[in-house]
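**Student:** Quick one: sequence plus predicted model below, questions after.
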Amino acid sequence: MLLFTLQRMLQSIAVLLAVSVAVFLAVYAVGDPVELLVNPEATQLEREAMVSRLGLDQPVWMQYFTFLSNAVQGDMGTSFVHAEPALQLILSRMPATFELVFLAMLVASIIGIPLGLYVGLKEENRIARAIMTGSIFGYSIPSFWKGMVLILFFAVWLQWLPASGRGETVSVFGIPFSFLTVDGLRHLAMPVINLAIPNIALITRLTAAGASEARMQDYVKFARAKGVREKRIVRRHILRNILIPIITVLGVEFGSLIAFSTITETVFAWPGMGKLLITSIYQLDRPVVVAYVMLVTFIFVVVNLLVDFTYALLDPRVSLSERMS
């Protein structure tokens with residue numbers, strides 16, 4: 001266990017370093033933030049003063065090592081636009097993104113797993129075939145198009161739900177949450193649905209494939225021959241044995257949604273990290289972009305590590321050494 005943890009930590013540090021180099025160089029190569037920040041009527045001296053203040057007069061390698069040495073101390077730089085620490089700015093938007101992603105994955109799991117079990121156990125049924133066909137569309141339709149259709153239908157035509165914003169929030173330990181208020185839930189409904197639809201389709205298909213294979217296994221046939229009730233067979237023998245790939249997908253998708261919820265947050269003007277990233281890219285706010293990518297990479301690493309440990313907890317036959325190899 002200790003050896004596995006140490007090796008994964010070293011791998012994680014190597015991944016973070018590689019990502020930091022790639023992202024820093026890519027962001028450095030795009031545009032000149034001074035052109036967006038400085039007044040068009042500013043003098044050359046004022047421009048040079050701003051370049052010096054932002055540290056852009058140094059060679060790129062020196063800028064990177066300055067960033068790296070500060071990052072080790074928890075300082076990811078200061079936003080060019082907002083004039084506040086980039087990491088603090090991102091963390092202030094994190095609760096909104098986590099709330100959106102967590103609820104989307106919860107909805108996807110609650111709907112996708114039962115649908116997948118139904119399809120896998122009754123795959124010749126017409127309804128099951130219709131569900132599988134619908135899952136193809138659910139996974140294939142672009143998020144921005146789904147978002148605009150949801151806004152058109154629920155916000156414009158029916159006028160049931162608000163089209164943008166986060167709505168009323170309630171603070172718990174200083175962290176604002178929208179799902180604790182009726183107005184907040186109304187604002188959450190469409191972006192959660194928009195994020196959940198492709199994951200419902202993915203989980204449905206994954207669960208259906210696992211259930212279809214598991215129901216033909218000898219241990220399921222033996223349980224039926226013993227007269228075990230069908231509900232118990234599904235719950236104890238089929239579902240429990242297909243949870244490992246489902247949990248893996250849920251973990252990976254959770255990290256993916258945190259990183260790539262930018263489209264949904266932009267369409268619905270949801271004040272999360274994704275919307276901040278898009279705005280920062282437009283404004284060439286380099287510290288915020290680099291800090292965002294580094295934070296998201298760190299979240300991916302932590303989620304994958306937790307998935308590995310969950311493997312061993314769910315199935316004792318799967319050892320950490322096997323997962324490591």
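**Tutor:** Yes, it's here.
**Student:** Can you report how many residues neighbour G174?
**Tutor:** Counted with other C-beta atoms under 10 Å, residues neighbouring G174 total 6. Every C-beta, even on glycine, is put in place using the N, C-alpha and C of the backbone.
**Student:** Please read the previous query as pertaining to V172.
**Tutor:** The number of residues packed around V172, counting by other C-beta under 10 Å, is 10.
**Student:** who are the neighbours in contact with it?
**Tutor:** Counting by C-beta atoms under 8 Å, 6 or more residues apart in numbering, V172 touches L180.
**Student:** Phi and psi next, for it.
**Tutor:** Backbone dihedrals for V172, given as degrees, to the nearest 10, come out at phi -120, psi 110.
**Student:** Could you point out the longest helix of this structure?
**Tutor:** helix 86-121 (DSSP state H).
**Student:** packing partners for that helix?
**Tutor:** Applying 3 or more C-beta pairs under 8 Å, 6 or more residues apart in numbering; DSSP states H and E, one finds that helix 86-121 contacts helix 126-140, strand 175-177, helix 182-214, helix 240-260, helix 262-267, helix 273-282, helix 286-314.
**Student:** Need the contact partners of stretch 98-118.
**Tutor:** Looking at stretch 98-118 with C-beta under 8 Å, 6+ apart, the contacting residues turn out to be 127-128, 131, 177-179, 188, 191-193, 195-196, 199-208, 210-211, 234, 238-239, 246, 250, 253-254, 257-258, 261, 264-265, 270, 272.
**Student:** For S280, list the residues it contacts.
**Tutor:** So, once contact is read as C-beta under 8 Å, 6+ apart, S280 ends up touching 79, 81, 288-289, 292.
**Student:** ok, now V303?
**Tutor:** Listed by C-beta under 8 Å, 6+ apart, the contact set of V303 reads 251-252, 254-255.
**Student:** And the residues you listed, which is closest to V302?
**Tutor:** The shortest approach to V302 among these belongs to G255, at 8.5 Å (C-beta to C-beta).
**Student:** Can you give me the neighbour number for that closest one?
**Tutor:** Burial of G255, expressed as a neighbour count using other C-beta under 10 Å, amounts to 20.
**Student:** Touching, it and I299? I think so.
**Tutor:** Yes: applying C-beta atoms under 8 Å as the test, G255 and I299 come out as touching, 5.8 Å apart.
**Student:** Can you give me the pLDDT of V318?
**Tutor:** pLDDT, the model's per-residue confidence, is 51 for V318.
**Student:** How about the one 4 residues further on?
**Tutor:** pLDDT for E322: 45.
**Student:** again with the one 3 residues further on
**Tutor:** S325 is assigned 47 on the pLDDT scale.
**Student:** With A291 instead?
**Tutor:** Per-residue confidence at A291 stands at 87 (pLDDT).
**Student:** Then F98?
**Tutor:** 92.
**Student:** Give the burial count for it, as a bare number.
**Tutor:** A count of neighbours around F98, defined by other C-beta under 10 Å, yields 19.
**Student:** Show me what counts as buried in stretch 92-106.
**Tutor:** Applying a neighbour-count criterion of 16 or more other C-beta atoms under 10 Å, one finds 93-101, 103-105 buried in stretch 92-106.
**Student:** can you check stretch 3-22 too?
**Tutor:** Counting neighbours by 16+ other C-beta under 10 Å, one finds that the buried residues in stretch 3-22 are 4, 8, 12, 19-20.
**Student:** Could you work out the most separated pair of the residues you listed?
**Tutor:** The largest distance within those, taken as C-beta to C-beta, falls between F4 and S20 and amounts to 24.6 Å.
**Student:** Quickly find the element holding E168.
**Tutor:** Taking DSSP states H and E as the criterion, no element holds E168; it sits outside all helices and strands.
**Student:** Please apply the same query to V228.
**Tutor:** Counting by DSSP H and E, V228 is found in no helix or strand.
**Student:** pretty sure L185 is in contact with S178, am I right?
**Tutor:** Yes: taking C-beta under 8 Å as the contact criterion, L185 and S178 are neighbours in contact, 7.0 Å apart.
**Student:** in the stretch 51-200 of the chain, which ranges drop under the pLDDT threshold?
**Tutor:** Counting by pLDDT under 70, the stretch 51-200 of the chain contains no low-confidence residues.
**Student:** Return the residues in contact with the closest residue to F268 other than its chain neighbours.
**Tutor:** With C-beta to C-beta, 6 or more residues apart in numbering as the measure, P191 is the residue that lies nearest to F268, at 4.5 Å, once sequence neighbours are left out. Each residue near P191 by C-beta under 8 Å, 6+ apart is listed here: 100, 104, 147, 264-265, 267-268, 270.
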